[in-house]
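# build me a structure from this.
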Amino acid sequence: MQDKELYQVILGLDSPWTVSEVELDTDDGEIRVRVDHPRGTKFRCPDCVQELPCYDHAEERRWRHLDSCQFQTFLLARVPRVKCPEHGVQNVAVPWAEKSSRFTILFERFAIDLLLATQAVTGAMDILRTSWDETWHFVQRAVRRGQARKETKPLPRIGIDEKAFAKGQDYLTLLYDLDHSTVEAISDGHDADSGIACFSQLLPEQIASVEAVAMDMSAAYVKAAKQTIPLAEGKIVHDRFHVMQLVTKAVDKVRRGEHRELLQEDDNRLAKTKYLWLTSQENLSEKQQALLDKTFTLQLETGKAWAYKELLRDLWNHADAVAATTYFKEWYRRVIHTKLKPLKKVAKTIQERLANVVSYCTHGITNGVAEGLNSKIMAIKRRVGGYRNRENFKTAIYFYCGGLSLYPR
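As a prediction, the model looks like this:
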C-alpha cells in the first residue's frame, strides 16, 4: 500500500476528499498529509445545507492529527468556500475536524480519553505534546459541546451540598442527580441565594419532577428549596451522615469536657481514646473493642454519650416515618433527662427538623453520591495543585463529574 493510500485509510477520508501528498520532515519531526478534492465538486452551505459549486478556497490550514511512528502528524488543506444566496460566502464543513478547531476529531477524542484517564491537564499535555492552553481548550470545548447536547431529563432524586473552592470562606454550591451520580448545576457561595441560583438552573419541568432533595441541616439550603421547589417541605431529606456527624461531634465534646475534669484529679482514663468514641461499633478493631469494654464499665459520661449515639443509628432502619418518629421521641426523652449538655443540644436541633430527618424512611435517599463526587473533585484538585480560576474549577467539575457527552462527532 502506498503512503497516500495508507493515510487515506488512517484518516478515514471519503469522497470527494483524497490524500494528494505525504511529506516526511525529519528535521522538524513532522509528517504532513495534504488532502484535496476534484475540480467541479459541489459542497453544502454549513447553514442551510444547500448544495452549491465551489466559489473559491481559503488559505491553507493545518490540523494536528494523531502521531505516526512518533512523528507529529498534520493534515493540510485549503478549505473550499461556497457562495450561498441566503448566507453569503461561507467556509464548508470538513469531515475530519470541527469548526474552528486546529485538531482533527480523532486527535481530540484521544485527548479527551487521556484527560479522563490522567485527571490532570499537565499529565495529558506531556503525552500529547501540546501546550497547557491547547490542552485546557480540549476540556472547555468538550464541556460546551456536552452542555449543548444535554437533553432534558427528569430529576426525581437530587442532592445539594457545598464544596470549598479555596481556603477560607470561599465555597461553591453543587446540585447532584443522585440516580446518575452527576453534577447538574453549580453556583458561587453557600447561602440561600446560592441554593436558589443552583435550583434555578433546572428547567421548570425538571423542578416539577423532583420528588426528594437530600441536604445537610443547613437552614440556607432549606430556605432555597422551599422557595424554588413546589411542596418542598415534604421532599427535603436531611442526610443521615450529617445528622450523625453532629451527634458524633457532641460525643467528642462530652469526652473532652470529662477528660479535662478527670485530669484535674490526675485521672487519665480517657487519654488517647478520642477515635474510640468516634467510631461505629461494628468498625472497632479487637483492640479498640477491648478498650471500649474496659472503659465502658467505668460508667463515664463519655460512655453514656457514645451509647446514645449508637442507639440513634437505628432511627434510619424503621419501615416508615411514623415508626421512626416514635423511636426518636423515646430516644429524645432519655437523652434530655441526662447531664450530657452537648448531646441534649443536638437532640433539640434534630427534634426541630425531625420531619425532614425521618423523611428518609419515605424517600430512602442520602447525600452519599455528593460525598463520593466531592472526594473525586478533591482528588482532581490536588492533582493540579488547585484551581486559581473559579470558572476553570467549575469547568473541570462538569468535565469529570457532569455525565456529559464530551466527544466530537
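# next, count neighbours for Ser218.
Using other C-beta atoms under 10 Å, Ser218 has 19 neighbouring residues. Any C-beta I mention is one placed from the backbone N, CA and C, and that applies to glycine too.
# check contacts around it.
Contacts for Ser218 were tallied using C-beta atoms under 8 Å, 6 or more residues apart in numbering; they are 162, 190.
# try 10 Å this time
Contacts for Ser218 (C-beta atoms under 10 Å, 6 or more residues apart in numbering) come out as 160-162, 173, 190-192, 195, 224, 238, 242.
# quick one: which of those residues sit in helices?
192, 195, 224, 242 (DSSP state H).
# for these, which one is nearest Ala97?
Comparing the ones in helices among the contacts of Ser218 against Ala97 with C-beta to C-beta picks out Gly195 as the nearest, at 41.0 Å.
# distance of the closest one relative to Tyr171?
Per C-beta to C-beta, to the nearest Å, Gly195 is found 11 Å from Tyr171.
# anything in contact with each of the two?
Residues touching both Gly195 and Tyr171 (C-beta under 10 Å, 6+ apart): 162, 187, 189.
# do I have it right that the last one meets Gly195?
To tie it back to what came earlier, the one meant is Gly189. Yes. With contact defined as C-beta atoms under 10 Å, Gly189 counts as touching Gly195 (9.0 Å).
# so for those two, which sits in the more crowded spot?
Between Gly189 and Gly195, counted using other C-beta under 10 Å, Gly195 has the larger neighbour count: 27 against 18.
# Leu373 contacts Tyr398, correct?
No. Between Leu373 and Tyr398 there is no contact under C-beta under 10 Å: 11.7 Å.
# what touches both of the two?
182-183.
# about what we covered before: common neighbours of Gly189 and Gly195, please.
Shared contacts of Gly189 and Gly195 (C-beta under 10 Å, 6+ apart): 162, 173, 220.
# show me the contacts for the first one.
Think Glu162. 171-174, 189-191, 194-195, 215-216, 218, 220-221, 370, 374.
# likewise for Tyr360?
Contact analysis of Tyr360 by C-beta under 10 Å, 6+ apart lists 212, 214, 237-240, 243, 315-316, 318, 321, 324, 366.
# among those, which one sits closest to Leu11?
Ala214 (48.5 Å).
# the closest one sits in which helix or strand?
strand 212-215 (DSSP states H and E).
# circling back: from the ones in helices among the contacts of Ser218, pick the one nearest His137.
If you rank the ones in helices among the contacts of Ser218 by distance to His137 using C-beta to C-beta, Gly195 comes first, at 32.0 Å.
# please name the nearest non-neighbouring residue to that closest one.
Nearest residue to Gly195 in three dimensions, chain neighbours excluded: Ala224, at 2.7 Å (C-beta to C-beta, 6 or more residues apart in numbering).
# check Leu116 too.
Among residues not flanking Leu116 along the chain, Tyr400 sits closest, at 7.2 Å (C-beta to C-beta, 6+ apart).
# next, Gln90: secondary structure please.
strand (DSSP: H, G, I helix; E, B strand; the rest coil).
# I'd assumed Cys54 was in contact with it.
No. Between Gln90 and Cys54 there is no contact under C-beta under 10 Å: 11.6 Å.
# quick one: which of these two has more around it?
Taking neighbours as other C-beta under 10 Å, Gln90 and Cys54 compare with Gln90 leading, 19 against 16.
# hmm, back to that, which neighbours does the strand holding Ala214 have in its sheet, and in what orientation?
strand 157-166 (parallel), strand 236-238 (parallel) (DSSP bridges).
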